[in-house]
Structures are given as structure tokens and as C-alpha cells.
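>>> no sequence on hand, only this structure:
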């Protein structure tokens, strides 16, 4: 399978715990995005990378959220001291950066986080 | 600020035609895309318009008017499986990041 993969698919944690999610993009894609989505809402932008460089982090995102893409391939998203409001689907997407490819993002299946 | 507006809900019957509109206000413009998302699934790419006019892909077509900052997705011969949320997204800014609309929930009834 050469699509975007995310791990884990589901995560249940207690409030105050730290969690880390992983995303493996399509191998030749140099851009990688993290989104958060809650029921009935659109994808909420969190951050994105071009190769290993983090280009932007949402200003709505607290300092408890951090993301890395150390070698320009897979990426991790960490949430520290989780809160119940962090419960959501966390989506990863990747794309190329040429012409129309910027606008064609390929999404992984998501990681559903439940904070108790 | 940057924003995209689209209707929150649309209802139609099988076999009908439905149009989902999207208006945008962004700093810079690098094309309008449409994505489909079924309940419990991830968004999947449907179409992309960089230039004015109509792009057709099977039962789905997408239109763009850059002078009006407006586009639409046209779904023809609706099927039950088309029931989903549809998002418009615009590439904007120096890094061509995608700005997303809030989505239109389409319900196709028998």
C-alpha cells in the first residue's frame, strides 16, 4: 500500500497524559500536513512541513502541541497534558509541490483520540 | 482574514442534479479544489480548477470564476453513495497552503 498511513488508528487516554501520533506520507511527497477534525466540522489546520522544515503552526494551537518531521519523511504529532477538548480525529495529509499538486492532498485514515 | 463560504446542508433526490457553491476571500489564489468526505472516512480529492471555466470528471463538474471569487461543484445523476460532506479549499499565501471551507453536508434521498 503506497498511501498515507497513520498510527495508531485509535487512542484512548486519561486527561493529563501525553500522546504521540505518527504519520507516514506517500514516499515522494515533500509536503505534510496535520489537521484536527471534530464531528460535523471541516479539517482544522494544525501545522505543515515542507521536507523537514515546519512552515507554519496554527496560532490557535497551544504550546502543548508539537510536531516534527526529522528527516523529511515520517512525522510525529505530540500532545502533552491532554485535555478533554483535545478529543478529535487527527488527520495527516501529504502532497507534492509542483503545479496543481499543491492542491491535491492525500489523506491518511486518521487517528481518533479520546481523552477521558 | 481568509475565508471560504459554502452552504452547510443540501438535500436532493436520486437522479437529480445539485450544485454546491463556494465563495472565497484569500490573500493570493492558487486554485480551487473540492474534496469529498463520507462519514467516518478521510477527505478524498475530487477536482481542481486553476483557470476560469468548467472542468468535467464523469458525473462531477467543477467551475471557477476568479473575477467573482466563486466556484461550484456540480453533481449529476445523483446516487445514494454521493451522500457525504463536500469541502471547497483554496491554495493561498506565499506557501500555497490550502484554506478549507466548513463543508456542505449533502443528503441524497430515494
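In hand now; what should we look at? Note that this is a predicted model, so its numbers are computed, not measured.
>>> need the contact list for the most centrally placed residue in chain A.
Centroid-nearest residue in chain A: residue A:34, 2.9 Å away (criterion: CA atoms, centre = their mean). Applying CB atoms under 8 Å, 6 or more residues apart in numbering or on different chains to residue A:34 gives the contacts A:23, A:46-48, A:67, A:75, A:77, A:90-92. Using the backbone N, CA and C atoms, a C-beta is placed for each residue, glycine as well.
>>> and the one residue in chain A that gets nearest to chain B, what are its bridge partners?
In chain A, no residue comes nearer to chain B than residue A:107, which is 3.8 Å away by CB to the nearest CB. Assessed by DSSP bridges, residue A:107 has beta-bridge partners residue A:93.
>>> returning to that earlier point: the residue nearest to the centre of chain A: which element?
Assigned by DSSP states H and E, residue A:34 belongs to strand A:31-37.
>>> that strand: partners in the sheet, and parallel or antiparallel?
Assessed with DSSP bridges, strand A:31-37 is paired to strand A:44-50 (antiparallel), strand A:88-95 (antiparallel).
>>> quick one: the strands in the chain?
The chain I'm using is chain A. A:5-7, A:10-13, A:19-24, A:31-37, A:44-50, A:53-57, A:65-68, A:75-79, A:88-95, A:106-107, A:111-115 (DSSP state E).
>>> that's the wrong chain, I wanted chain B
Under DSSP E, chain B gives strands at B:3-5, B:9-13, B:18-25, B:32-37, B:44-49, B:53-57, B:60-65, B:70-75, B:84-92, B:97-100, B:104-109.
>>> who touches the helix or strand of chain B with the lowest mean pLDDT?
Taking mean pLDDT, DSSP states H and E as the measure, chain B has strand B:97-100 as its least confident helix or strand, at a mean of 88. Under the contact criterion CB under 8 Å, 6+ apart, strand B:97-100 has outside partners A:33, A:42-43, A:45, A:48, A:55-56, A:102-103, A:105, B:2-4, B:24, B:26, B:33, B:87-92.
>>> hmm, which of those residues are the buried ones?
Buried residues within the contacts of strand B:97-100, defined by neighbour count using 16 or more other CB atoms under 10 Å in any protein chain shown: A:33, A:42-43, A:45, A:48, A:102-103, A:105, B:4, B:24, B:26, B:33, B:87-92.
>>> would you check how far apart the residue of chain A positioned farthest from its centre and residue B:93 are?
Distance from the centre of chain A peaks at residue A:99, with 23.4 Å (CA atoms, centre = their mean). Distance from residue A:99 to residue B:93, counting by CB to CB, to the nearest Å: 17 Å.
>>> tell me what the residue nearest to the centre of chain A is bridged to.
Counting by DSSP bridges, the residues bridging with residue A:34 are residue A:47, residue A:92.
>>> same deal with residue B:75?
Going by DSSP bridges, residue B:75 forms beta bridges with residue B:18, residue B:60.
>>> now chain B against chain A: closest residue?
With CB to the nearest CB, the shortest gap between chain B and chain A falls at residue B:42, namely 3.8 Å.
>>> which residues touch that residue?
Contacts of residue B:42 (CB under 8 Å, 6+ apart): A:91, A:107-110.
>>> then residue A:35?
Counted by CB under 8 Å, 6+ apart, residue A:35 has contacts A:43-46, A:90-93.
>>> one more pass at 7 Å, please.
Residue A:35 makes contacts with A:43-46, A:91, A:93, as judged by CB atoms under 7 Å, 6 or more residues apart in numbering or on different chains.
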